[in-house]
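Colleague: using only what follows, build the 3D model:
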Amino acid sequence: MLLGLIGMLLLPTLARPDALVVTMAMNASTIAEFSVEADGITVDLEIGVADFIGFADLLPDEIYEALMRAVAGDEGGSPADPGLEALEDRLPRFFREDLRIIPDNGRPLAGRVVAIEASRRVPRDQVTGDPLPVGPDFEGDPVVVAELFYPFAERPSTLTFDAPTGENGAVNANIGFVVYHRGLHVNDFRYLATGMTLDLDWDDPWYSTFRTRSLRRQYFAPVNGFLYMEPFEVRKEIVARPLDLQQWVDLGLEPGQETITVAEQEEIKRAAAEFLAGRLPVTIDGQAAVGELDRVHFIFRTLRTSGVIDPPQDLPMVSATLGVIFVYPTDGLPDEVTMEWDLWGERIQSVPTTATDEAGGLPYVVTPDDPVLRWTNFLTNPTVPGLITVEAPPPAWSRWIGYMAVLSTLGLIGMALAKGRDLARGEVGKPVIAGMLVLVLFTGFGAYQVFFAARFSEEAVTTILDGLLENVYRAFDYRQEDVIYDSLENTVSGDLLTQIYLETRRSLELENQGGARAKVQDIEILEASYEALPSGRGFTSEALWSVRGSVGHWGHVHQRINQYRAEVTVESIDDAWRITGLEVLEEERVDPNAPAAR
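Modeller: Coordinates of the predicted model:
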């Protein structure tokens, strides 16, 4: 059946080869993953139908024969032409002339086929190119998957990769490729061409690089530095491999060590943090600043995200990476912050750094001749943490006046009945009439207070909830715990204070960032039903709201959107609205790229 599908797809592909439009290498018709190890190179191929011509000499006989018949325009089921070559005759030419890998001796490596079969295309992440999980009913496009092996006679110092070419020398296959050296990826997904030369570092594969600059992976630097400027704090973050830090401080790593075990990691983190505490000095508004160690973790970094490795696991020495954070408290948002890079080595002569504020990140490469990362506050309207004003409830005394006015109304009615005839005859003086008019106005005010002012509308409830919830989250813009508590006391009452503090803090912490707390950017009330309390001095509401926040770490901005459905009780206490009850009914993590559900 798969062969039939290949046949149906093949003819229109051959007829219109320029119809294939590819914008990203992980979407290429063919995917090639090269893994360079001490004894040779393993190549995992996923060959799309559009590239069968370029890989014809590798295809199994049955598919090859169908391909040749299609090229010749024979759509029938006739036997293969006698002149068709068998696979064993085609394979040497494939390794010699098509998908060639040439070491520094100039002779293409002779490869062999480990496995090959017809299969289905695997979907890949549009950023990283990593295979994505699929369900049992998933059916991708037909492909041929193959595993090849190119053995080494001796370890080469360079490898040159060539894509299959046609008679005119042009590449006749659309190949997205990535190379790994001893398990560490050398490049991000790119398109394979001819003459792509890779310099191999067998002692430390981190430094194995293609000579073509465009093939350098995004995270090529072994060390990075970051500054984050926020109201009340500046953060300095250093990302570095222990293997590189070892040249400046003894972390206990042994020559030739392949793995950093879980048992070794705590001591390595301690020694690295202690060493870095005295390096990369920071100034804030011209004054030398003293930072406090906030966190130190082993981290992972990908094109899509980064985070803390939790739970801990044994890590390959060549790729193990530390993230160390120092915090510098400030009185507000500073005017200027600098960090001087003072860690240089034979292989570390330029370091990518970034200074980030609420407007975004500004990358800068520091060098021994220009070692200072400098941030200047050019923000015209920076966000400063602070509680918003929530309109106060009507004062309690206004309701008592209302009740008194209603009683006065009853008296007015009684007096009017008693003096009805006098009024009709004009025997009541003007002062009495004036008094009665005053009582009428007083009555109207009282009726408003009793029957209208104490009632709520959906708009009023939404406005009150929005303001109170905004203040709950804004309290966490501050960093000192006592200031957070003091801010929450303006919004939350009684024993609920501790509960809301703990639940809100938990909701803002990113689980894969070692306790980093997201900074709230937006709060939106999506739904809010309500019911007035019997006292008339508050309401209960089943509300649905979303909270959008972000935090910058390790060179990434991590987005977080949480959505909550909860029953909230709001009461007037000391002439201010306060949350006196909160029961979370549902909590949901929302895709940051998806619109909020309503």
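Colleague: drop to CA atoms for contacts and neighbour counts, all remaining ones
Modeller: Noted.
Colleague: give the buried residues for stretch 542-562.
Modeller: By neighbour count on 16 or more other C-alpha atoms under 10 Å, the buried set for stretch 542-562 is 542-556, 558-562.
Colleague: in strands only, show me those.
Modeller: 542-553, 556, 558-562 (DSSP state E).
Colleague: what are the contacting residues of stretch 38-55?
Modeller: 6, 9-10, 13-14, 17, 29-36, 59, 67, 94, 98, 121, 142-152, 154-155, 164-166, 172-174, 182 (C-alpha atoms under 8 Å, 6 or more residues apart in numbering).
Colleague: er, stretch 208-227 I mean
Modeller: Against stretch 208-227 from outside (C-alpha under 8 Å, 6+ apart): 181, 186-188, 190, 196-202, 206, 234-241, 244, 303, 339, 348, 351-356, 554-555.
Colleague: ok, back up a step: just the contacts of stretch 38-55: which are in strands?
Modeller: In strands, judged by DSSP E, the following of those are found: 30-36, 142-151.
Colleague: let me see the domain layout of the chain.
Modeller: Following automatic domain parsing, one finds the domains of the chain at 2-215, 223-376, 396-453, 458-589.
Colleague: only the buried subset of the contacts of stretch 38-55, as a ChimeraX command please.
Modeller: Those of these that count as buried under 16+ other C-alpha under 10 Å are selected in ChimeraX with:
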select :6,10,14,29,30,31,32,33,34,35,36,59,67,94,98,121,142,143,144,145,146,147,148,149,150,151,152,164,165,172,173,174,182
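Colleague: pull out the buried positions in stretch 210-230.
Modeller: 210, 215-217, 220-230.
Colleague: just the CA atoms of it, as PDB, please.
Modeller: Listed next in PDB are the C-alpha coordinates belonging to stretch 210-230 (Å, rounded to 0.1, in the frame of the first residue of the first chain):
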ATOM      1  CA  PHE A 210      31.500  24.600  10.700                       C
ATOM      2  CA  ARG A 211      33.700  27.000   8.800                       C
ATOM      3  CA  THR A 212      30.500  28.600   7.400                       C
ATOM      4  CA  ARG A 213      29.400  31.200  10.000                       C
ATOM      5  CA  SER A 214      25.700  30.700   9.200                       C
ATOM      6  CA  LEU A 215      26.000  27.100  10.400                       C
ATOM      7  CA  ARG A 216      27.000  28.200  13.900                       C
ATOM      8  CA  ARG A 217      24.400  27.100  16.500                       C
ATOM      9  CA  GLN A 218      22.600  29.800  18.500                       C
ATOM     10  CA  TYR A 219      24.100  28.800  21.800                       C
ATOM     11  CA  PHE A 220      27.700  28.500  20.600                       C
ATOM     12  CA  ALA A 221      29.300  30.500  23.400                       C
ATOM     13  CA  PRO A 222      30.500  28.500  26.500                       C
ATOM     14  CA  VAL A 223      29.800  31.500  28.800                       C
ATOM     15  CA  ASN A 224      27.100  34.200  28.700                       C
ATOM     16  CA  GLY A 225      26.200  37.200  30.900                       C
ATOM     17  CA  PHE A 226      22.900  38.900  31.500                       C
ATOM     18  CA  LEU A 227      21.700  41.900  33.300                       C
ATOM     19  CA  TYR A 228      18.000  42.400  34.200                       C
ATOM     20  CA  MET A 229      16.800  45.800  35.400                       C
ATOM     21  CA  GLU A 230      13.500  45.900  37.300                       C
END
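Colleague: what's the average pLDDT for it?
Modeller: In this model, stretch 210-230 carries a mean pLDDT of 93.
Colleague: how far out from the middle of the chain is it?
Modeller: Distance, stretch centre to chain centre, for stretch 210-230: 18 Å (C-alpha atoms, centre = their mean, to the nearest Å).
Colleague: check stretch 283-300 too.
Modeller: The mean C-alpha position of stretch 283-300 is separated from the chain mean by 23 Å, C-alpha atoms, centre = their mean.
Colleague: among the contacts of stretch 208-227, which ones are in strands?
Modeller: Using DSSP E, the subset of the contacts of stretch 208-227 located in strands is 181, 190, 196-199, 234-240, 339, 351-356.
Colleague: re the thing from before, which ones among the buried residues of stretch 210-230 lie within strands?
Modeller: Phe210, Val223, Asn224, Gly225, Phe226, Leu227, Tyr228, Met229, Glu230.
Colleague: and what about Glu62, helix, strand or coil?
Modeller: The three-state label given to Glu62 by DSSP: H, G, I helix; E, B strand; the rest coil is helix.
Colleague: just give the number of residues close to it.
Modeller: 12 (other C-alpha atoms under 10 Å).
Colleague: from Pro352, how far off is it?
Modeller: 52 Å (C-alpha to C-alpha, to the nearest Å).
Colleague: again, but for Asp141
Modeller: For Asp141 relative to Pro352 (C-alpha to C-alpha), the value is 41 Å.
Colleague: helices along the chain, start to end?
Modeller: 2-15, 61-72, 87-93, 242-245, 262-276, 396-418, 420-425, 430-448, 458-474, 481-488, 496-508 (DSSP state H).
Colleague: mean pLDDT for those: which is lowest?
Modeller: helix 2-15 (a mean of 44).
Colleague: please name the nearest non-neighbouring residue to Ala543.
Modeller: Leaving aside its sequence neighbours, Ala543 sits nearest to Ala528 (C-alpha to C-alpha, 6 or more residues apart in numbering; 4.3 Å).
Colleague: right, and the domains of the chain - which one's nearest Pro382?
Modeller: Minimum separation from Pro382 across the domains of the chain (C-alpha to C-alpha) falls at domain 223-376, 7.7 Å.
Colleague: and the closest one, how far out from the chain middle?
Modeller: 20 Å.
Colleague: now do stretch 165-179
Modeller: 34 Å.
Colleague: start and end of that stretch, how far apart?
Modeller: 20 Å.
Colleague: what's next to it, contact-wise?
Modeller: Counting contacts by C-alpha under 8 Å, 6+ apart, the residues touching stretch 165-179 from outside are 25-36, 50-51, 53-55, 98, 163-164, 185-194.
Colleague: nearest residue to Gly581 other than its sequence neighbours?
Modeller: Nearest non-adjacent residue to Gly581 (C-alpha to C-alpha, 6+ apart): Thr569, at 4.6 Å.
Colleague: oh sorry, the question was meant for Phe149
Modeller: Thr42 (4.6 Å).
Colleague: and for the one you found, the neighbour number?
Modeller: 21.
Colleague: in the sheet, who's paired with it?
Modeller: Counting by DSSP bridges, Thr42 forms beta bridges with Ser35, Phe149.
Colleague: could you do Phe298 as well?
Modeller: Phe298 has these beta-bridge partners by DSSP bridges: Leu322.
Colleague: tell me how many other residues crowd it.
Modeller: Per other C-alpha under 10 Å, the neighbour tally for Phe298 reads 25.
Colleague: and what of Ala72?
Modeller: Neighbour count of Ala72, defined by other C-alpha under 10 Å: 9.
Colleague: please name the residues that touch Val461.
Modeller: Ala528, Tyr530.
Colleague: still on that earlier bit, the residue nearest to Gly581 contacts Ala532, correct?
Modeller: No: assessed by C-alpha atoms under 8 Å, Thr569 is found out of contact with Ala532, at 9.7 Å.
Colleague: neighbour count winner among the two?
Modeller: Taking neighbours as other C-alpha under 10 Å, Thr569 and Ala532 compare with Thr569 leading, 21 against 18.
Colleague: contact partners for that one?
Modeller: Gly538, Phe539, Thr540, Ser541, Ile579, Thr580, Gly581, Leu582.
Colleague: measure the fifth one to Phe298 for me?
Modeller: Remark: distance between Ile579 and Phe298 (C-alpha to C-alpha) = 40 Å.
Colleague: and the closest residue to Ser493 other than its chain neighbours, what pLDDT?
Modeller: Leaving aside its sequence neighbours, Ser493 sits nearest to Thr580 (C-alpha to C-alpha, 6+ apart; 5.4 Å). Turning to Thr580, the model gives it a pLDDT of 88.
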